[in-house]
Structures are given as structure tokens and as C-alpha cells.
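Undergrad: Mind folding the following:
(chains A and B)
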There are 2 protein chains.
Amino acid sequence: MASKFAGRRNLDFLLYEVHDIEGLFSLSYFEDHSRQTCDLAIDTAMKLARNLLYPYFKEMDEREPVFEEGQVKVHPIVKTMMKQWGEGGWLSSSLPFEVGGQQLPVAVHMACSHLFGAANFPATGYSGLTTGAAHLILSHGTDEMKDMYIPKMLAGLWQGTMAMTEPQAGSSLSDLASRATPTGRGYYKIRGQKIFISAGDHDGVENVVHMMLAKIDGGPPGVKGISLFLVPKKRPEADGTLEPNDVTATTVYHKLGYRGCPITQLSFGDGDSCRGYLVGEPHRGLSYMFQMMNEARLGVGMQAASIASAAYYASLEYAAQRLQGRKLSSKDPSLPQVPIIEHPDIRRMLFFQRAITEGSLSLLLQCALYADLARAGDVRDRERYELLLDLLTPVAKSYPSENGILSVSQGLQILGGYGYCREFPLEQYYRDIRIHAIHEGTTGIQGMDLLGRKVMMKSGRALEFFAGEVQKAIGEAEAFEELKPYCTRLQEALEKCRAATMHRLTFAMKGQMEIFLADATLYLELFGILAVAWQWLLQAVAASKGLRDDCSDRNKNFYKGKLHTMKYYFHYEVVKIQGLAARLLESDALMVEMDNSLFDD
Amino acid sequence: MASKFAGRRNLDFLLYEVHDIEGLFSLSYFEDHSRQTCDLAIDTAMKLARNLLYPYFKEMDEREPVFEEGQVKVHPIVKTMMKQWGEGGWLSSSLPFEVGGQQLPVAVHMACSHLFGAANFPATGYSGLTTGAAHLILSHGTDEMKDMYIPKMLAGLWQGTMAMTEPQAGSSLSDLASRATPTGRGYYKIRGQKIFISAGDHDGVENVVHMMLAKIDGGPPGVKGISLFLVPKKRPEADGTLEPNDVTATTVYHKLGYRGCPITQLSFGDGDSCRGYLVGEPHRGLSYMFQMMNEARLGVGMQAASIASAAYYASLEYAAQRLQGRKLSSKDPSLPQVPIIEHPDIRRMLFFQRAITEGSLSLLLQCALYADLARAGDVRDRERYELLLDLLTPVAKSYPSENGILSVSQGLQILGGYGYCREFPLEQYYRDIRIHAIHEGTTGIQGMDLLGRKVMMKSGRALEFFAGEVQKAIGEAEAFEELKPYCTRLQEALEKCRAATMHRLTFAMKGQMEIFLADATLYLELFGILAVAWQWLLQAVAASKGLRDDCSDRNKNFYKGKLHTMKYYFHYEVVKIQGLAARLLESDALMVEMDNSLFDD
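TA: Numbers count the residues shown, from 1 in each chain, chains lettered A, B, ... in the order given. This is a model prediction of the structure:
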């Protein structure tokens, strides 16, 4: 285990110097907060991460959940973790005072969850889903539901889940087959199978509360017939007892990584006595669930960035200590060996890890800030913030997930043979992070969401707002001589993105939807590099402002390191846009107009 | 498990239609061979792969080697595998008749090892190293060594190893500390520690023969003082008995993947009674070992391509069967779902897998052909073939390894959540393939070998020869109208590579070696894409020739599939050269002239 898994100084820099979170405290919704209360939250989260989560990172992986006698059994520390999260108010920190929350900015809540995830990502599966489910009940549930479920969930006693995926449907939600039959007695009878449900059942809590999608008998076909139900594993009775609700765990998956948290298959209503309670109106379930899904997508991005962070610090520590070889300029074998951090190729890999980690974190906190402003900012600007958040959500989910995989892989490479061994932490990070490009909508789904929905929505206004933000960053950066070349590079990247967008849209206008979206994943990749380049320029502006003659040596190194990482990003990563744009500007239908017999051999 | 792990039709195509292996049979060294004998070898290898190796792929992973009472214990099937490989002549197939080999072309030997590796890569660790060690003894050992060791090794009774890496040295061979003390009695006393020795000790064989690098007392410092020794685990006595030789396994590593084969730490001479026998002349060990290392590097590339192949066929099979979603052009939910292979994004991932797999295979067989021609071709051309092989070895090692990781990852992605589960094969391929960018010289080491040594050697003649080969392929392709645009693209890629080479070399000429090689890994990446693009154009030429009106539907689909994959490669992969070249043409020293305090935070 490395001594460090996340950068506290970096969080302060991003929250206060880059994204000016303090600006939120003048808004009435956040008026009870200050830098002091936020710092206290982050400091306390760091302690919990270091003392409770990090020590169990490896052990929870080695003792993965087991399925015995119809019950999923997890590591006993999960119960303690959920309780401490509940008692410390961590599950409700960003929820409003009215439900016992702390009404902290989402940005601060996410900063804390970054520390938890960097210390022990699998453990955050339990907490993230509980918060998300409680928030969904708060938004669309009845008062009775709120009273009955939210307090237990936020206390860490009951687990929340998102129960969407089904065996025959996968990503195709219009093919959900779970049924809900009205009974006229305040509940529906539920029948169905759900797969890949994270924390879907375990013995670390008293009860599990499923936010489940199902179709009411006789409803419209496809996604328009999907409703949202609250389906508890055990029904709370009036006297406070819990009655079994005919929800059965049927298997727990054996996974590559993410082993500290069970992913389960669930069967609802095998005994014809599973009760579900409608949340909101019938047939509007998918739009409600999108609230939880979008939060979860940002959460996934954050957890990917968090694993990447822990891997970065582990590799950095190793590279600074491991002696091997000599500089090419002094190869005399009688000289002592140097730490491998002296080798340019190792530095390149470390800067890659750092640029991905801190660039992703910056983008995620940017999204969190938009969420805070969409909720509490000037009412005239709220739509703009909402559109920016909508546009960037698939990017903030997939960029850290995809690049996090590559980043952890480079980190493993830095450790050489040791990186491949379970005695060193990189191999677990490598296994753990691979889930993020899959769950909560695969990267392919995110690409289609970005190009097919978000770029198109409201006549492209979100994209306009985004371009405006990038342009604003360029304007600010131009005040600093050192940053000017990077302003030019970002401008060029933005133009390439615009050109690629326009070119792809010509196919949409002709109704050639398959060709329009065939390379949506590449478009997402290009957009991600652009968005993170924007964030790096913003960080460079903040670092340039911070870099004054009178600042401490520590701060000087920090700011100079930020500037150097920004340069790395433009010289090594932003150049990738050239190849992506070249492909996106082509007009063939290579992946569309073809016969599958081409795969025969 | 998928029903297919490798493409027999594809092997025939590459061997006979693309690389014209039949041309070898007119050379005197290969005169006993014909297409018939080679086909028989490949058919028999396929049977062995399917019947003996593939069924244990998963089981050997689940029952990984254990270290008990000083002995490494492996799955009992290993003993059977080694025996059958020995009895079938597989360990000696490319070795000369004089040592009981079959004198098959290396290209055919590698085609067979491809089938073994695609069926069960970890199992090939045992065989590949035994063949390589036997070959090294054959090249540089004494007659006594040849008589005593080679027959047992090639019979699969004794394991061979390559014992180079040491704890304090890693990739820095000049820092090897293992010592050899002359005794004047025909052997040296050996002392030292070796780490990461594949198949370094196990109970599937009677004995283990280490090809070990050590320094003779009083020899020159650095790599010039390294000698090669044969150090058996047990010494064969005159009466045929085996005496312990003071070689102790001290640990077996617990690895991310590649679990069917033990990687061990070994201690030599703890009891001051370990005997080593000098191979060749003193202090020339490293140059001898390079023979085994270069063979092993091609072997690593081949095993990476083989895992990528198995993963490709598993993903293809899944994609053709798994129903999910509908075409964007007909989203009516009352229509049945389509197999996911209908979705352009899935096709893109499948073509990526196929292009990497078959492109890598083609490059590896090209290298094998150069090895065959360097040994048995026209004497006037042998140096050219040797130079081409030397130049391409780091590329053929690292391209399949690095891109294989990405390719298997895309394959896993195609399976969605199932890809992440151990119940499906992709997750093991994902773990297994990660080793190849590390062992036998990391990708960083290969990059420096390519740019710092191979491109420079003999005043750049290897690179000239390579450019000539690419130009020749373009010339042949220009005869086909459909291929002309790709001739242009390959020509442009070649020019970019030339420009990048010249630009990097200006730093070498100025003596700025650190800056010259700082981005050698990126140079290797660019060179790999170029080399594989060349191989794809060669395949397209062969497919165009094969695609006649009178060929069977099966062959038509096959050839058309080849042409389509070639197009995929140029439209999606070759464009990446743009960003790489842009970076390589820059002149800053970003990763060189910097202080490590920039990493402080």
C-alpha cells in the first residue's frame, strides 16, 4: 500500500482556486456554509478514508462476497462502514436540511466521495447507491415513502439500489419485461428478473430498497411504458417489523474486480407476493430514473478518477524510490543507479497518470458546480447550467472511465514485473477500474447520448454554451504570456470539434441516423480531450495567478507542476484530436453498409 | 468457452497467399518440406490445441501454482502437456535434423505456436522457454552440453529457462550482481538471486536447465563483464542420476494473470555448492543471450496476438448471438431485437480486434519469414533479411502486446457486464495479456531499442531496407483500383515516419541523447502502426488476387472481409499517426529538462 491515495492540496486548488466554490456561499441555499464548514467536511472525510476505508481495500478484494443459502454475505466491515457513513451524515451531506441533510454543495460532497473512492472504491458502491436512491425518493416519492424509507437509508441501516437491467434487455431499456399489476390496495404486484444490481443484496444492512423499473400491465410499449417502483426487500409494517417481500437474490457474480461490493441477480415475485409502490406518475419512470442515473454517471466518473488518483500516487511513490539504470548522459556502470523517476519515459507515464486524474477531477467538479448553480444560482442562468451539465455528463462519465483504464495501466507498467503481481496494489486498481466503462451506460451508450441527444437538444444550445465557456477560458488565459501557445491549441481543438460536429450532423439532416452515429464513440473521445484541455487551461490560469514571488516553495512547486502537467496534456494528449477529427470528417459508411458475412472465415 | 480460438483459414492465407512460404521449399535447407508436410504439422497442432490445451485454459488459471516446502507445484496436466509436446516433436520442430529437430520453417513453427497460445497461452510458457534454451545450447554450448541436455529438454522431460533479471537490476542488465567463481575443475561456482523467472521451477518436469547470466570474478564492469552459464537445478551425473545443484526456488509470484505458469524467484549457491558451466566465451554472455531474447520477443508478440485472437473469436461469437436493441433506422419496440453485431459501434470494436489480431499475426509471420531467409536464403541477401528482422523485432514484440491489451479490452466491452465476469472468458484474456508489455523487455525498452539502436545501426541501412519493402508493397497494390487510395495513405504514413525519424536524429547528432530518446515509446507506436498498415496492404493485395469470379462463396466472403478490415485499419488506426508525428516533430525537452519537485503536492 502506498502512503498517499489522493491529493488534499489539489482538491483545495480545484475547489477554491479553479472553480471558486466560495462564490456559492453568497447564494441563499448555501448561506449556512463557508470555506470553514467545507474544509471541515473534507478533513473529516480524509480521516474516515484513511482510517476506516483504506485499511480494508485489499482485504475486501480478497474476501469477496459469497452467496450462501439465498443470502449474499459480505465482509463484516461493510456494516461498520455503512453505520459510520450514516452517523457522520455522509450519505446525506448534499441533501437538503429538511430531510436531515447538510445541504453542502454537490462539489464538496463529490470531493469527499473522491477521497472515499481513492481509499477504497468498492466500498463506495454501498454508499453512492443509497444516497442516489434516497434522493430519488425525495424528488418523486410520496410523503409516506419519505418518512418510512429515507431516514433508515440515510442512517446507513438500509441499502438503496438502482434496479434497471434485465437479462434479455441489457442496454435496451425499451425491452424491459418486469411487470407491475395494479391491486387497488395501494401497491402493485411485481414480477421480474434484474441482473447486475450493485449491492442488490447483502448482510451488511437490515433491508434493501430497490428503485425498480417495471411496466404496468396494459401500458404503452417501449420506454413510454416504463414506471418506477419502490420495492423493498422487506416491507416495513406499521408496528416497525420487517416482513419478507418476495425478493430473492439468485446469484452473485464473480467479477474481474470491484469485488468488495456484490453485484447480484435478483428475482421479484417468484411467490406472487412481491409488492411494489409506484413512485410518481405511471409510465414516467424512465425520466425519473434519469435523475438517479445522471447522478450515478457523475459518480462513476468520480470513482474512476479516484482509482486513477490512488494508482498515480502509488506509481509516483514507487518511481521515486526504485533505483534502476542511469541517465543516458552518464551510463558509467560504476556510478550509482538513479531512481526511475529520472527517466523521461517514466516521467511521461507519470504525467499521463496525473493529467488524466487531475483533469478528470477538474471536469467532474466543474459539473458539480453546474449542478449547484442549476439548483441555487441566479434563476435566469439555471437553464444554461442545466444544459451544460446535461451535455457534459456523458463526457464526465466516460472520459475518466476510459482514460482511467489507460492511466492505471501505465501506472502498472511503471512498476514493471511488480505491477503484474498481487503483492503490489496496481493490479487491483487495474481490475477495479475496468468496470466503469461498462456500468451506468457503456461508453458506446454515452457516445450516442452525447452526439445523438445532447448535442442536438434545444437546437444545439448546450454546445453553444459550452463553446462559450471554452472561449471564456481562452480569453482569461491570454493574459499570461506563457499560456498563449496553449490558447491557440485549445482554439484549434475547439474548431476541429465544431467541424466534426457539423459534418456528422449533415448525415442526421439527411435522415441517415446510422451513419450519423456510427462513430459516436470517437466523437465522445474527441469531445473528452477537448473538455479536459479546457479544464487544464483553467487550471493553468489559476496556477499562473497563484505563482507569485512571495509564495512558499511548496506552493511554487505545486503551481509549476500544474503548468507542466498542462503542457504535457497539450503536447501529448490534445494532438490525438488530429486523428480523431480526420476520421470523423470522412463520409463513408464503412461500419454501416456492410454484410455480417464479412466476418466469416 | 467459445467454440473457436484461432482462424485456420487465416493462417493458410497468411502463410501461402501473403507471405509465400512455399518459396522456401526450393531452398536446400528446407528441401525435405512441402506444403503437405507443413499443413500436416499445422493440422496436428490444431488438434493438440483443441483437445489437450483448450480444455485446461480456465482450470489452470483457477488452480494457480503453489509454493510448498521449497517446491513449486503446478497443475498435473502440465506434465502431460510437456510430454506430448516432446513426443510430438513440437519443442524441436524448427531445430535442425542434427539434434532430432524437424527443420520446419520458423514461420510454420510460429503458426503452430499461435494455435497453442490461442488455446492456452499460460501453457506455452513451459514449451517456448524450453525450445529457446535448447536452441541457445545448440548455438553456443559444448558438445558435451548438447549431448547431455538437449535430448532431455526436447523430449519435454527437462524445463529450460532464461535467468536474467535480478532484484536490484530489473531492466538494467549492467547492474547484474550474480557471481561466477572459476574452480579450475570444469565448472564455476555460482552465487546470486534471480527474479521473475518464468517456469523457473515446477514439478511437471524432472529437471530445470537455467540459461543464466552472471559475472566472472574480476571481469570488466557493466554489460561487458556478463557471461552465460548453464546452471541445472539438478546435475546429471555420469551414471545418469541427478544430484541437487544448490538452486532453490524462494517464492512464486501471485499474478494478475498468466497463472497457469509459475513465475519464480530463485536463489543460486546458498550452500556454496552451485555449479555453473560456461557457455561460449567469457564476457560475451549478453550477445549470446540476445539470440534467445530475440526469439522470446517474437514469441511474446505471437502469444499476445494469440490471446487477442481467442478474445476476438469469443467476442464475435457473442455478438452474433446476443440479441439487444434495434437498428436506429427501425426502433419500433414491437419488432424483435437484433443481434448486437448489427450495431455499427459493435462492428467497429470487432474490426478493431480483428485488425489488431490479423495485422499482428501477419507482421510476426513476416519476421519469421525473414528469419528463415536469413538462415537459408540466398547468401547475398542474408544480411538484408537479418537487418530487417533486427529492426522489426521490437515492433513485432510490442505492437501486439500493447494493442492486444486494447483489443482484448474492446472484446470485453462487447460482452458488457458479462465481459467483467469470471463466468465468461474475456476477463481471463484481459488479465493474461497484460504481461506481454512487461516481460522480455518492457515497451519502453523496445522503444529505445528501435530508435536508439536499430534505426541507427549500420548507418540506417535497416530502415532503408524497410522503406524499400513498404514501397514494394505499394507498387504491387497500385495494380488494383480499389487499393489505390490506401497506397496513398501508406505512402503518407511512411513519409511521416521518415520525417519523425530525421527530426529525432537531429538531437542524436547534437549529442542530446536524452531528448533524442525521450519519446521513443511514441516513435515505436508510430512505427508499429506503419508496419501493420504495410502488412494490411499486403493482405489486401493477396485478397484482391484471390477474389476471382470463380471462387467459392466462402472464399469470397473471406477475401472481402480482408479488404474491409484493411479499410477499417486505414480509416481508424492509420489516422493516429497524425497526432504521433505532430508530437515527434516538436523540439522541446518537456520530459528531460525538469525538476522532480514538479511532482510535489
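
Undergrad: residue ranges of the strands in chain A, please?
TA: Along chain A, counting by DSSP state E, strands occupy A:66-68, A:71-73, A:158-163, A:179-182, A:188-198, A:207-216, A:226-232, A:234-236, A:242-244, A:247-252, A:263-268, A:275-279.

Undergrad: Would you tell me which one of those is buried the most?
TA: Highest mean neighbour count of the strands of chain A: strand A:158-163, a mean of 28 (counted as mean count of other C-beta atoms under 10 Å in any protein chain shown). Glycine gets a C-beta too; all of them are placed from N, C-alpha and C.

Undergrad: Parallel or antiparallel, which strands does that one pair with?
TA: Paired neighbours of strand A:158-163 in the sheet (DSSP bridges): strand A:207-216 (parallel).

Undergrad: Using PDB, list the CA coordinates for stretch A:112-123.
TA: The C-alpha trace of stretch A:112-123 is given here as PDB (Å, rounded to 0.1, in the frame of the first residue of the first chain):
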ATOM      1  CA  CYS A 112     -15.500  13.900  -0.200                       C
ATOM      2  CA  SER A 113     -16.600  10.900  -2.200                       C
ATOM      3  CA  HIS A 114     -13.400  11.200  -4.200                       C
ATOM      4  CA  LEU A 115     -11.400  10.600  -1.000                       C
ATOM      5  CA  PHE A 116     -13.600   7.600  -0.100                       C
ATOM      6  CA  GLY A 117     -13.200   6.200  -3.600                       C
ATOM      7  CA  ALA A 118      -9.500   6.700  -3.800                       C
ATOM      8  CA  ALA A 119      -9.100   4.900  -0.500                       C
ATOM      9  CA  ASN A 120     -11.500   2.000  -1.300                       C
ATOM     10  CA  PHE A 121     -13.600   2.300  -4.400                       C
ATOM     11  CA  PRO A 122     -15.600  -1.000  -4.000                       C
ATOM     12  CA  ALA A 123     -16.800   0.300  -0.600                       C
END
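
Undergrad: burial measure for the closest residue to chain B within the stretch 251-400 of chain A, as a count.
TA: Chain B sits closest to residue A:333 of the stretch 251-400 of chain A, with a gap of 3.4 Å, by C-beta to the nearest C-beta. Counted with other C-beta atoms under 10 Å in any protein chain shown, the neighbours of residue A:333 add up to 16.

Undergrad: my read: it touches residue B:221, true?
TA: Yes - using C-beta atoms under 8 Å, residue A:333 is in contact with residue B:221, at 4.7 Å.

Undergrad: For the stretch 51-200 of chain A, what lies in contact range of chain B?
TA: A:165, A:168, A:169, A:170, A:171, A:172, A:174, A:175, A:195, A:196 (C-beta under 8 Å from any C-beta of the partner chain).

Undergrad: PyMOL command for the buried members of those residues?
TA: Under the burial definition 16 or more other C-beta atoms under 10 Å in any protein chain shown, those of these that qualify are selected in PyMOL by:
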select buried, chain A and resi 165+169+170+171+172+174+175+195+196
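
Undergrad: Need the max-distance pair from the residues of the stretch 51-200 of chain A next to chain B.
TA: Spanning the widest gap among those are A:174 and A:196, at 17.8 Å by C-beta to C-beta.

Undergrad: Which neighbours do residue A:333 and residue B:221 have in common?
TA: Taking C-beta atoms under 8 Å, 6 or more residues apart in numbering or on different chains as the contact rule, the neighbours common to residue A:333 and residue B:221 are residue B:174.

Undergrad: In the stretch 51-200 of chain A, what residue lies closest to chain B?
TA: Residue of the stretch 51-200 of chain A nearest chain B, by C-beta to the nearest C-beta: residue A:172 (4.0 Å).

Undergrad: is it true that that residue touches residue B:331?
TA: No - the criterion here is C-beta under 8 Å, and residue A:172 misses it with residue B:331 at 10.0 Å.

Undergrad: Quick check: longest helix in chain A by residues?
TA: Looking across chain A with DSSP state H, the single longest helix is helix A:285-321.

Undergrad: Next one: it, is it in contact with chain B?
TA: Yes - against chain B, helix A:285-321 shows contacts by C-beta under 8 Å from any C-beta at A:316, A:320.

Undergrad: Which strands or helices does that helix pack on?
TA: helix A:106-140, strand A:158-163, strand A:207-216, strand A:226-232, helix A:344-376, helix A:382-414, helix A:426-433 (3 or more C-beta pairs under 8 Å, 6 or more residues apart in numbering or on different chains; DSSP states H and E).

Undergrad: And that helix, how far out from the chain middle?
TA: 5 Å (C-alpha atoms, centre = their mean, to the nearest Å).

Undergrad: Pull the number of nearby residues for the residue nearest to residue A:562 when sequence neighbours are not counted.
TA: The shortest distance from residue A:562 to any non-neighbouring residue, by C-beta to C-beta, 6 or more residues apart in numbering or on different chains, is to residue A:543 (3.9 Å). Residues near residue A:543, counting by other C-beta under 10 Å, number 25.
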